[in-house]
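In: Quick one, fold the following:
(one chain, ligands or ions: 1)
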Amino acid sequence: MISNRFSSFFSFFDYTPTQWFDIGKSRLIDYTLLIMIVRKAKIDDVKAINALINSYAEHDKMLFRSIADIYENLQTFSVVELDGKIIGCCALQIIWEDLAEIKSLAVDKPHTGKGAGKILIEAAVAQAEQINLPKVFALTLTPDFFEKAGFEIVEKDTLPMKVWTDCAKCPKQKNCDEIAVTKDLK
Ligand SMILES: CC(C)(COP(=O)(O)OP(=O)(O)OC[C@H]1O[C@@H](n2cnc3c(N)ncnc32)[C@H](O)[C@@H]1OP(=O)(O)O)[C@@H](O)C(=O)NCCC(=O)NCCS
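Out: Now for the predicted structure:
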């Protein structure tokens with residue numbers, strides 16, 4: 001549904017009940033229409049992306065990304081914007097001719113459970129498909145989330161050596177508790 005349309009943007013509606021009115025026996029809900037947009041990251045988004053990722057990294061839920069690292073790799077990032085605020089981010093990093101990594105996927109805690117993570121994954125997969133990549137993978141502590149998006153759990157040693165460059169920066173190193181998930185696109 002989303003694939004092939006990533007070059008522009010996609011949106012869906014998030015209805016948040018903001019006020020309840022009691023009028024006699026009837027109860028009316030005033031809905032504020034908020035639009036969630038997935039788009040490629042822009043230079044002004046870097047600090048928000050950094051804060052989002054590091055809010056989880058501080059709790060060992062993902063790897064830190066420095067401001068400098070995000071600037072260097074900004075073209076790999078997509079973001080979800082809600083009401084003018086960045087509430088989610090995700091990067092698609094090409095590893096080799098046949099593989100890309102979905103990394104740095106984070107949704108701002110108060111906005112989880114509203115589908116932002118799902119549309120970020122779908123956007124990353126659509127981007128990979130657009131450039132004819134046959135497979136994407138992720139290393140994650142939340143494999144169930146990826147399985148819901150059509151990924152399958154694989155043994156980490158089935159991934160090529162080049163995947164492990166980030167491990168040198170990771171404090172866990174040999175105690176890695178991340179699970180590898182992959183999705184075939186062809
Ligand atoms: C994991 C994360 C990205 C999910 O984002 P989200 O916006 O809450 O996810 P969505 O609302 O799009 O959920 C999509 C589906 O996945 C499910 N899901 C969400 N988080 C899940 C989790 N931690 N475990 C299992 N399933 C999960 C939802 O229930 C939903 O299922 P449904 O389609 O059957 O309704 C978010 O919780 C997060 O940023 N976590 C911290 C960082 C992290 O773990 N990143 C993952 C990769 S390193």
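In: For the lengthiest helix in the chain, which helices and strands make contact with it?
Out: In the chain, with assignment by DSSP state H, the single longest helix is helix 116-130. Applying 3 or more Cβ pairs under 8 Å, 6 or more residues apart in numbering; DSSP states H and E, we find helix 116-130 packed against strand 10-23, strand 26-40, strand 77-82, strand 85-96, strand 99-107, strand 135-140, helix 143-148. (Glycine included, C-beta is placed from N, CA and C.)
In: buried sites along it?
Out: 116-117, 119-129 (16 or more other Cβ atoms under 10 Å).
In: Specify which member of these is nearest to the ligand.
Out: Nearest to the ligand among the buried residues of helix 116-130: Gly117, at 2.4 Å, using Cβ to the nearest ligand atom.
In: That closest one against Lys148, yeah?
Out: No. Gly117 is beyond contact range of Lys148, at 9.5 Å (criterion: Cβ atoms under 8 Å).
In: Kindly report the residues of the protein close to the ligand.
Out: Taking Cβ under 6 Å from any ligand atom, the part of the chain that reaches the ligand is made up of 56, 61-62, 105-107, 112-118, 140-142, 144-145, 148.
In: Make a ChimeraX selection of the buried ones in the residues you listed.
Out: Buried residues among those (16+ other Cβ under 10 Å), as a ChimeraX selection:
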select :56,62,105,106,107,114,115,116,117,140,142,145
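In: Quick one: find the helix or strand in the chain with the lowest mean pLDDT.
Out: Each helix and strand of the chain was given a mean pLDDT (mean pLDDT, DSSP states H and E); the minimum falls on strand 10-23 at a mean of 42.
In: what's in contact with the helix or strand containing Tyr56?
Out: Using DSSP states H and E, Tyr56 sits within helix 46-57. Residues outside helix 46-57 that contact it (Cβ atoms under 8 Å, 6 or more residues apart in numbering): 41, 62-67, 70-71, 74, 77, 79, 85-89, 104, 106, 108-109.
In: what separates Gly117 from Val107, distance-wise?
Out: 5 Å (Cβ to Cβ, to the nearest Å).
In: what do you get for Cys90?
Out: Taking Cβ to Cβ, one finds Cys90 at 9 Å from Val107.
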